[in-house]
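Asker: Task: produce atomic coordinates for the following.
(one chain, ligands or ions: 1)
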Amino acid sequence: MTWGGSVGGGFGGAPGGFGRPAVPGLPFAGIPPELQDGVDRLVASEPKYGEPDIVFEQNGSEQELKRLTLWRLLNKYPGMLLLSGLLVVVIAVTGQVGPKLTEYAINNGMTPGHYDFGVVVAMAVAYLVFILVAALGQRFQVQVTGRLAAWVMNDLRVKVFAHLQRLSLGFFTEEKAGVVMSRMTSDIENLQQLLQDGLSQLAIQGLTMVVITIILFATNAYLAFITVVLIIPALVVASIWFKRASERGYDQVRDGIANVLSDLSESLHGVHIVTAHNRQRHNVVHHRNVVGDYRDANNYTAHVNALYGPGTQMLGIIGQAVMLAVGGTMVLNHQLSLGALVAFFLYLNRFFQPIQLLVQQYNTYQQGQASVNKLRDLCDTEPEVMEAPDATVLPPIEGAIRFDHVSFAYVAGRPVLEDVDLTMAPGETVAFVGPTGAGKSTMAKLVTRFYDPSEGRVTIDGHDLRSVTMHSLRSQLGVVPQEPFLFAGTIGDNIAFARPDATDDEIHEAVERVGLTDVIDRMPHGLDTVVHERGQTLSSGERQLIALARAFLAHPRVLVLDEATSNLDLQSETKIEAALDVLLENRTAILIAHRLSTAMRADRIAVVDDGRIIEVGSHAELVAKGGRYAEMYETWVSQADVAGHQPA
Ligand code: ATP
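Answerer: Sure thing, here's the model as predicted:
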């Protein structure tokens, strides 16, 4: 089995593609001949979607930056919206003709002196026809809104995901991953019901109430007026209270579920540590509290619903009782026909029916709106690191890096870097050494523009990083983090991550140059071997070598390398050091070194302490100087002696 198919197939991560093992760990035996015809037919029947035409703009297009509202999401589909609106009118009107036909049948076919079987039958048939039209309308309505909901949710998912891709590292450091996940899953799914039938039902019920009010006034203005004066104000007051209370409630419900999911995700990710430190009981207690808050929020909304729903129902019953007294007296005084009173009662019943449904739909609406608000907050979060509107494309660089009097703070008032000034020549490797928390990684993060300096500037070949496009900058940078991240997919996919268009030969060259050949040969399917998410099935040395091959293949001019702190056996360490030598050749490199043996290989060493560079020079120069580096070196030499190693 060759590796060829996987690169062209892009980085899908889904195992089971043709030419790849279907299940990790199991050899893929090919498609059995008797199934081949069926598979061919299936493949031929697949729609041809072609290459999607997607443009990703770092700052977001004008369309993408518009505030997220339900209406904006919906009005992208005016045709479906219009059709849905028309169907709403058809359903609301045709569904309310019945009582009028009943009134006509009673007054002209059933009252003494007016018996007419033909009128009764004609009205019954007409009733049936209108009900049929209403039912048909409903059928199409469900179809149209179902489709509309699917499209809107699809758009929303893509929009929020694209926004997440744009956000800076700072956002992901501060926001819990579980909360972001719950926005993308639970909050978006919560809109399903609202979009699918909530909004249309809300419109149908609202319109039905308007139609009925008109008919009531047309039937008997006096009786209708009493209804309006008695019921509507009470209904409005109750509805305003409900809106406020349920808004607050559903907001808490959304936060509650986000916290539950976030706690769950953290427990799952940290399961090793939880077990190792016997924190299971504590975790259960904590989760119980988080789930308890969610339960309380749900209880509150249930309480609000329980007051509003039956409350409006009671208003309806009071209205009917008054109607019976007033309307009955009018019939006795010959001010109203019996048919009109019956029709009035039927309509009044129907007036309150939509209110019940409206309450349910309004509930759905409030839930959906709470989700939209949460998603809007997420989409309104601006990336901390923005691309300048007039950013230019960084031309191919030589790789001269300069920290020009750079200061930086993650949190205002607590500087992490102070007045750092350092110049690196093209092709030079500078190792940053120093105590933990000194600011070494932060300096590297400024070069990759994960953050911008609070003061001063970072330049490459004289270009201030803030003046160039992020894409042009990062396409010339290579980053090897302390903990290499491997994505679910094949080893080949992972190596070609930065350059999915790389040819087989280029990938093989990268593998060979960083000394990964032995490792790949040991794998059951070579480069096609599937690694699980985060590469948990590989050793840390293997993961590091893959990350180095990935960086090698990207051919960056500038390399930022955070050395892994994990202890490797001597053989793996030698391998990785050899791979590093290949990788650093002719490149400007920042090497965050945790081992002095690595730092010594650099052209120069910068000693970072408490956010400042306190010494810079070659290994020999710094040892001769007798400063902080010399101290560190001495300690290291004595430790190595004790351990029986010979320092290089
Ligand atoms: P190490 O050798 O342990 O990797 P380092 O020298 O690379 O340490 P940095 O990661 O640059 O240190 O951190 C410098 C300081 O900034 C530390 O005090 C750290 O607590 C703080 N810091 C790092 N990241 C953040 C962040 N996202 N928000 C706030 N403070 C941070």
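
Asker: Can you show me the strands along the chain?
Answerer: 401-411, 414-424, 429-433, 455-460, 463-464, 477-480, 489-490, 530-531, 558-562, 588-592, 604-609, 612-617 (DSSP state E).

Asker: what residues does the protein put near the ligand?
Answerer: Contact residues, the chain versus the ligand (C-beta under 6 Å from any ligand atom): 173, 410-411, 416, 436-442. All C-beta atoms are positioned from the backbone trio N, CA, C, and that covers glycine.

Asker: Closest one of these to residue 218?
Answerer: residue 173 (64.5 Å; C-beta to C-beta).

Asker: among the residues of the chain next to the ligand, which ones are buried?
Answerer: 416, 438-442 (16 or more other C-beta atoms under 10 Å).

Asker: how far does stretch 180-187 sit from the chain's center?
Answerer: 6 Å (C-alpha atoms, centre = their mean, to the nearest Å).

Asker: which of the residues in that stretch are buried?
Answerer: Of all the residues in stretch 180-187, those buried under the rule 16+ other C-beta under 10 Å are 180, 182-184, 186-187.

Asker: Need the max-distance pair from those residues.
Answerer: Checked with C-beta to C-beta, those reach their widest spread between 180 and 186, with 11.3 Å between them.

Asker: Near residue 517, how many residues? Count them for me, please.
Answerer: Look at residue 517: counted by other C-beta atoms under 10 Å, it has 13 neighbours.

Asker: what separates it from the ligand, distance-wise?
Answerer: Per C-beta to the nearest ligand atom, to the nearest Å, residue 517 is found 31 Å from the ligand.

Asker: ok, that residue - contacts?
Answerer: residue 511 (C-beta atoms under 8 Å, 6 or more residues apart in numbering).

Asker: switch the cut-off to 10 Å
Answerer: Applying C-beta atoms under 10 Å, 6 or more residues apart in numbering to residue 517 gives the contacts 508, 511, 526.

Asker: picking up where we left off before, can I get the strands of the chain in CSV with mean pLDDT and distance to residue 73?
Answerer: Listed next are those as CSV, based on pLDDT from 0 to 100; distance: least, C-beta to C-beta, whole Å:
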stretch, mean pLDDT, distance to residue 73
strand 401-411, 93, 35
strand 414-424, 92, 40
strand 429-433, 92, 47
strand 455-460, 93, 40
strand 463-464, 92, 38
strand 477-480, 86, 36
strand 489-490, 82, 32
strand 530-531, 83, 37
strand 558-562, 89, 40
strand 588-592, 91, 44
strand 604-609, 94, 48
strand 612-617, 92, 50
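
Asker: With distance to residue 193 as new columns, can these be given to me in a markdown table?
Answerer: Shown next, in a markdown table, are these (distance: least, C-beta to C-beta, whole Å):
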| stretch | distance to residue 193 |
| --- | --- |
| strand 401-411 | 41 |
| strand 414-424 | 46 |
| strand 429-433 | 54 |
| strand 455-460 | 49 |
| strand 463-464 | 50 |
| strand 477-480 | 43 |
| strand 489-490 | 35 |
| strand 530-531 | 38 |
| strand 558-562 | 46 |
| strand 588-592 | 50 |
| strand 604-609 | 55 |
| strand 612-617 | 57 |
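
Asker: Write down the beta-bridge partners of the nearest residue to residue 551 once chain neighbours are set aside, one by one.
Answerer: With C-beta to C-beta, 6 or more residues apart in numbering as the criterion, residue 551 has its nearest non-adjacent residue at 4.1 Å, and that residue is residue 478. Residue 478 has the following beta-bridge partners by DSSP bridges: residue 559.

Asker: what about residue 478, distance to residue 432?
Answerer: Per C-beta to C-beta, to the nearest Å, residue 478 is found 17 Å from residue 432.

Asker: same check, this time on residue 390
Answerer: For residue 390, the distance to residue 432 - C-beta to C-beta - is 32 Å.

Asker: out of these two, which sits in the busier spot?
Answerer: More neighbours surround residue 432 than the other of residue 390 and residue 432, with 24 against 6 (other C-beta under 10 Å).

Asker: Give the full set of residues in contact with the closest residue to residue 587 other than its chain neighbours.
Answerer: Leaving aside its sequence neighbours, residue 587 sits nearest to residue 559 (C-beta to C-beta, 6+ apart; 5.0 Å). Residues near residue 559 by C-beta under 10 Å, 6+ apart: 399, 429, 477-480, 548, 551-552, 580, 583-584, 587-591.

Asker: at 6 Å instead, please
Answerer: Contacts for residue 559 (C-beta atoms under 6 Å, 6 or more residues apart in numbering) come out as 478, 587, 589.

Asker: what's the distance between it and the ligand?
Answerer: Applying C-beta to the nearest ligand atom to residue 559 and the ligand gives a distance of 17 Å.

Asker: do residue 78 as well
Answerer: From residue 78 across to the ligand, the span is 45 Å (C-beta to the nearest ligand atom).

Asker: now swap in residue 577 and tell me
Answerer: 19 Å.

Asker: Then residue 480?
Answerer: Relative to the ligand, residue 480 is positioned 14 Å away (C-beta to the nearest ligand atom).

Asker: That residue is in contact with residue 549, isn't it?
Answerer: No. Contact criterion C-beta atoms under 6 Å: residue 480 and residue 549 do not qualify, at 10.2 Å.

Asker: Between those two, point out the one with more neighbours.
Answerer: Using other C-beta under 10 Å, the more surrounded residue of residue 480 and residue 549 is residue 549, with 28 against 22.

Asker: what's around residue 206, how many residues?
Answerer: Applying other C-beta under 10 Å, we find 16 residues neighbouring residue 206.

Asker: That should have said residue 189, apologies.
Answerer: Residue 189 has 13 neighbours, counted by other C-beta under 10 Å.

Asker: Next, find the distance separating it from residue 101.
Answerer: Distance, residue 189 to residue 101, by C-beta to C-beta: 43 Å.

Asker: Flag the shaky bits of the stretch 351-500 of the chain, pLDDT-wise.
Answerer: In the predicted model of the stretch 351-500 of the chain, residues 354-356 satisfy pLDDT under 70.

Asker: If we use 80, what do you get?
Answerer: 351-364, 366-367, 488 (pLDDT under 80).

Asker: and if you look at the stretch 501-648 of the chain?
Answerer: Applying pLDDT under 80 to the stretch 501-648 of the chain flags residues 532-537, 539-540, 563-584, 639-648.

Asker: can we see that at 50?
Answerer: The stretch 501-648 of the chain contains residues with pLDDT under 50 at 647-648.

Asker: all helices of it, in order?
Answerer: 504-513, 517-522, 540-553, 570-584, 596-599, 619-625, 628-643 (DSSP state H, counting those that start in this stretch).
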